[in-house]
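Trainee: No letters, just coordinates:
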């Protein structure tokens, strides 16, 4: 994860890349050895703070028997977190010049997400979105400033695209004011309308010219954020188990939840990283579907951690819900994660109906585990682990068959291991 984010020297001279201020020009899609920069890694880590706060709010809402309101609030606030992260990630992939001004504006965005994180608990408990909106405002104004800076250095269609991005961001900020000034019953509708409007900004902006994002870099950035979210899930579950053991000495009830949660996280990591997804990110249409679909991947992965906390609280008698509801808090986001990863990643690399059905069938079996009472989480973890073992076995069988066929024909098998 070392940085190679500084672009090659500009034609104006060998010392251009060492200047504190440089023109913010598009980078090349064919750049070699493009990896995430230390600034991007810091950016991701700060976003985990906001994700953790959203998870805590979801835990409290579900544990208190207010799952509907909790899920709605979680979806709204996670959208703000994910959307700001995603916009920065794709912009950085296309324009990161790593000069002093770029770093300062990025640090302003980081400050914005920390402000947003500070307001999440108030949004969950009191439905007061003032601080959340303020944090989002800071992040998005900084993002608009980056696009305006890119427009200043661009010409023609590229400049139009940058200006459309900046204009769309600023216009949407006005619409988001509805979460602050309108009465509470109207706010879910404001969120729905504005979320659609935000999603349409890139579609409109890139009709003129496609930004020069880097497929390998984007795939790595999304992969790193997936690891961070799964790590947050492990941390949340560990803290919950520790609290349960310290306060209630309920190790027998908590060990199956801990073991099942660990198996779920391991399986979640395995199925996400088993395929080289950057090879499919070649067109804007593929990129939009893949990038937008990660809202469900990230949100469900973080919700698994919240669900494990709920299951722990229910096991030690601190949650005011049934065992069935606590189990569903783990199994439903796990099933959603499995289905979304299959839809965005795995299905493009599976050969034959047996391989294609592994993850969808696993998702259905995980949902069925909800009804197994105190053993639901452990059973869901075992099912998730078995899905990985099944996928590996099917792939090994296919490769063995291809090797035998290639040996008989005097050719080498070329099917990639998936």
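Mentor: Received it, and whenever you're ready, just let me know what you need. These numbers were taken from a predicted model, which means no experiment stands behind them. Numbers count the residues shown, from 1 in each chain.
Trainee: residues touching residue 50, list them.
Mentor: Listed by C-beta atoms under 8 Å, 6 or more residues apart in numbering, the contact set of residue 50 reads 77, 81, 113, 114, 116, 117, 120. Every residue, glycine included, has its C-beta placed from N, CA and C.
Trainee: check which helix or strand covers it.
Mentor: According to DSSP states H and E, residue 50 maps onto helix 38-63.
Trainee: Mind listing what's buried along that helix?
Mentor: In terms of neighbour count (16 or more other C-beta atoms under 10 Å), helix 38-63 has its buried residues at 39-40, 43-44, 46-63.
Trainee: same question, stretch 292-299
Mentor: Along stretch 292-299, these residues count as buried under the neighbour rule (16+ other C-beta under 10 Å): 292, 294, 295, 296, 297, 298, 299.
Trainee: Quick check: closest non-adjacent residue to the fifth one.
Mentor: Spatial nearest neighbour of residue 297, excluding adjacent residues (C-beta to C-beta, 6 or more residues apart in numbering): residue 340 at 5.1 Å.
Trainee: One more: the last one?
Mentor: The shortest distance from residue 299 to any residue other than its chain neighbours is 4.9 Å, reached at residue 78 (C-beta to C-beta, 6+ apart).
Trainee: Spit out the contact partners of residue 146.
Mentor: Applying C-beta under 8 Å, 6+ apart, one finds that residue 146 lies in contact with 24, 91, 95, 102, 105.
Trainee: With residue 88 instead?
Mentor: So residue 88 contacts 43, 106, 109, 143 (C-beta under 8 Å, 6+ apart).
Trainee: Restricted to helices, list the residues you listed.
Mentor: Secondary-structure check on the contacts of residue 88 using DSSP state H: residues within helices are 43, 106, 109, 143.
Trainee: where's the second one relative to residue 34, distance?
Mentor: In other words, residue 106. Spatial separation of residue 106 from residue 34 under the definition C-beta to C-beta, to the nearest Å is 17 Å.
Trainee: So which bits of stretch 270-282 are buried?
Mentor: In terms of neighbour count (16+ other C-beta under 10 Å), stretch 270-282 has its buried residues at 270, 271, 272, 274, 275, 277, 278, 280, 281.
Trainee: now the helix or strand containing residue 225, how far from the centre of its chain.
Mentor: For residue 225, the host element (DSSP H and E) is helix 215-248. Relative to the centre of its chain, helix 215-248 is centred 12 Å away, using C-alpha atoms, centre = their mean, to the nearest Å.
Trainee: ok, now stretch 64-74?
Mentor: Between the mean C-alpha point of stretch 64-74 and the mean C-alpha point of its chain there is a distance of 20 Å (C-alpha atoms, centre = their mean).
Trainee: buried sites along the helix or strand hosting residue 324?
Mentor: Assigned by DSSP H and E, residue 324 belongs to helix 323-344. By neighbour count, with 16+ other C-beta under 10 Å as the criterion, the buried positions of helix 323-344 are 323, 325-344.
Trainee: Counting by contacts, list what the very next helix or strand once past that helix packs against.
Mentor: As assigned by DSSP H and E, the chain's next helix or strand after helix 323-344 is helix 352-368. The elements that helix 352-368 packs onto, with contact taken as 3 or more C-beta pairs under 8 Å, 6 or more residues apart in numbering; DSSP states H and E, are helix 323-344, helix 376-409.
Trainee: what sits against residue 101?
Mentor: 20, 21, 149.
Trainee: Go through these and flag which are in helices.
Mentor: Within those, residues falling in helices by DSSP H are residue 149.
Trainee: Is there a quick PyMOL command that grabs whichever of the contacts of residue 101 are buried?
Mentor: The PyMOL command for the buried members of the contacts of residue 101 (criterion: 16+ other C-beta under 10 Å) is given here:
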select buried, resi 149
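Trainee: Closest to residue 382 out of the contacts of residue 101?
Mentor: Nearest to residue 382 among the contacts of residue 101 is residue 149, at 51.8 Å by C-beta to C-beta.
Trainee: pretty sure that closest one is touching residue 24, no?
Mentor: Yes: the criterion here is C-beta atoms under 8 Å, and residue 149 meets it with residue 24 at 4.8 Å.
Trainee: ok so, going back, among the contacts of residue 146, which are in strands?
Mentor: Among these, the subset assigned to strands under DSSP state E is empty.
Trainee: Looking at the residues you listed, which two lie furthest apart in space?
Mentor: With C-beta to C-beta as the measure, no two of the contacts of residue 146 lie farther apart than 95 and 105, at 11.3 Å.
Trainee: rewinding a little: give me the angle between the helix holding residue 50 and helix 323-344.
Mentor: Here helix 38-63 runs at 150 degrees with respect to helix 323-344, directions being taken by axes from the mean of the first three to the mean of the last three C-alpha atoms, to 10 degrees.
Trainee: How far off centre is stretch 371-391?
Mentor: Taking C-alpha atoms, centre = their mean, one finds stretch 371-391 lying 23 Å from the centre of the chain it belongs to.
Trainee: Now that stretch: buried residues?
Mentor: In terms of neighbour count (16+ other C-beta under 10 Å), stretch 371-391 has its buried residues at 372, 374, 376-385, 387-388, 390-391.
Trainee: of all these, which two lie farthest apart?
Mentor: Checking the buried residues of stretch 371-391 with C-beta to C-beta, the most distant pair is 374 and 391, at 28.5 Å.
Trainee: Could you say which helix or strand holds the residue nearest to the spatial centre of the chain?
Mentor: Central residue of the chain (C-alpha atoms, centre = their mean): residue 298, 3.2 Å from the mean position. Secondary structure assigned from DSSP H and E places residue 298 in helix 284-315.
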